[in-house]
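1. Task: produce atomic coordinates for the following.
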Amino acid sequence: ENAESEERVIKFISFPPVELTKAQEEAEPEYVLKETEEEMPDEIELVLPPGPVGIVVEGTPPTITKISHSSPLVGTGVVTGMIVDTLTLGDGTTLSKMGADELKAALRENVESEERVIKFISLAPVKLTKVQEEGEEELEYVLMP
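-> From the prediction side, this is the model:
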């Protein structure tokens, strides 16, 4: 019955454009996969400042897959693909042979500590050194993947 009425009024109003954002996107740091032409260092040991580390790690052992632009690791030589070997906490406890979930939990529980020491290593092939005994022939070892 309203469709046939001649007394219908339509009112148009104008709102200024509004940019919509998602709150979750604002809270998530921006990550970068750092591609490097430099050789990955064999190992790097660093004292972590209080606060988040700003990395994404996956697997066992924990492998860095992403580094935040705001990470305190930027500029230290740490690159994606490196592995977290050990984490020493402020109380002297050293964690090793851990998975990504264990590492994340330990970092979260100790986020405000000023005494966290983390050691990153590379799994790039490393030449083994064998000490030659007196009178022993020199041998060469080749490791196959």
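2. Show me what the helix or strand in which Val56 is found is packed against.
-> For Val56, the host element (DSSP states H and E) is strand 55-58. Contact partners of strand 55-58 among helices and strands, from 3 or more CB pairs under 8 Å, 6 or more residues apart in numbering; DSSP states H and E: strand 63-68, helix 100-109. Heads up, the C-betas are built off the backbone N, CA and C, glycines and all.
3. mind listing what that strand pairs with, with the direction of each?
-> strand 63-68 (antiparallel) (DSSP bridges).
4. Pass me the low-pLDDT residue ranges in this protein, would you?
-> Scanning the chain for pLDDT under 70 picks out 1-5, 8-39, 124-145.
5. Tell me which stretches of it form strands.
-> 31-32, 43-48, 55-58, 63-68, 83-88, 94-96, 116-121 (DSSP state E).
6. export those to a markdown table and tack on distance to Val74 and mean neighbour count?
-> What follows is those, written out as a markdown table (distance: least, CB to CB, whole Å; neighbours: other CB atoms under 10 Å):
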| stretch | distance to Val74 | mean neighbour count |
| --- | --- | --- |
| strand 31-32 | 9 | 14 |
| strand 43-48 | 12 | 15 |
| strand 55-58 | 10 | 18 |
| strand 63-68 | 7 | 19 |
| strand 83-88 | 16 | 19 |
| strand 94-96 | 24 | 13 |
| strand 116-121 | 13 | 19 |
